[in-house]
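A.B. asks: return atomic coordinates for the entry below.
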Amino acid sequence: EDEDEERGAMEENVRRMAEINNLFARIKEQEAESAKLMASLNAYTHEEQQLRHQTLLLEEEEQQLRATLTSVSETERIESLLAAWYLPGCGGEVAGEIFQEVDGDSDGCLEWKNDEIHKFVRGVFKQNNVLMPDWKDSVWYDM
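C.D. replies: The predicted structure is shown next:
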């Protein structure tokens with residue numbers, strides 16, 4: 001009977017060792033699968049970073065192209081405005097009307113201190129559907 005118990009205990013130990021070995025084998029398989037998945041994830045993460053970078057570059061290029069198109073169309077608009085400046089009802093006549101509107105004291109001169117010059121230039125650009133440039137103060141003073 002002792003031998004049977006010993007044999008049963010040994011068989012149980014062998015069975016448990018086989019289970020443990022099977023578990024270790026499954027763990028190794030899962031670790032290998034996990035490593036593959038991690039490598040795939042890293043590759044996709046790298047690809048995503050590259051695509052985000054390319055997207056930023058394309059967005060910058062788009063902004064530059066839009067700015068170029070805007071400046072070309074604005075330049076053409078300004079050139080046509082200046083070409084027709086002296087025609088009746090065109091730029092010069094409209095500018096004269098705007099001048100009279102912004103000349104607050106009606107002295108025939110526009111002044112810096114009460115913003116008449118800014119109002120005049122903005123009015124001429126607005127009336128002629130031309131975008132107002134974002135000028136620094138130095139540009140205004142050079143006028």
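A.B. asks: hey, which helix or strand in the chain has the poorest pLDDT?
C.D. replies: None of the helices or strands of the chain scores lower by mean pLDDT, DSSP states H and E than helix 137-142, at a mean of 76.
A.B. asks: over to residue 128: give its phi and psi.
C.D. replies: phi -100, psi 10 (degrees, to the nearest 10).
A.B. asks: what residues are up against it?
C.D. replies: Neighbouring residues of residue 128 by CB atoms under 8 Å, 6 or more residues apart in numbering: 77, 81, 91, 94. For every residue, glycine as well, the C-beta is placed using N, CA and C.
A.B. asks: turn these into JSON lines, including pLDDT and secondary structure.
C.D. replies: Below are the contacts of residue 128 laid out as JSON lines (pLDDT from 0 to 100; DSSP: H, G, I helix; E, B strand; the rest coil):
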{"residue": "77", "pLDDT": "78", "secondary structure": "helix"}
{"residue": "81", "pLDDT": "82", "secondary structure": "helix"}
{"residue": "91", "pLDDT": "81", "secondary structure": "helix"}
{"residue": "94", "pLDDT": "86", "secondary structure": "helix"}
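A.B. asks: can you pull out the helices in this protein?
C.D. replies: 2-83, 91-102, 116-127, 137-142 (DSSP state H).
A.B. asks: quick test: name the residue nearest the centre of this structure.
C.D. replies: Nearest to the mean C-alpha position of the chain, by CA atoms, centre = their mean, lies residue 59 at 5.8 Å.
A.B. asks: next, count neighbours for residue 118.
C.D. replies: Residue 118 has 15 neighbouring residues, counting by other CB atoms under 10 Å.
A.B. asks: on that earlier part again, and the helices of the chain, which one's lowest on average pLDDT?
C.D. replies: With a mean of 76, helix 137-142 has the lowest mean pLDDT of these.
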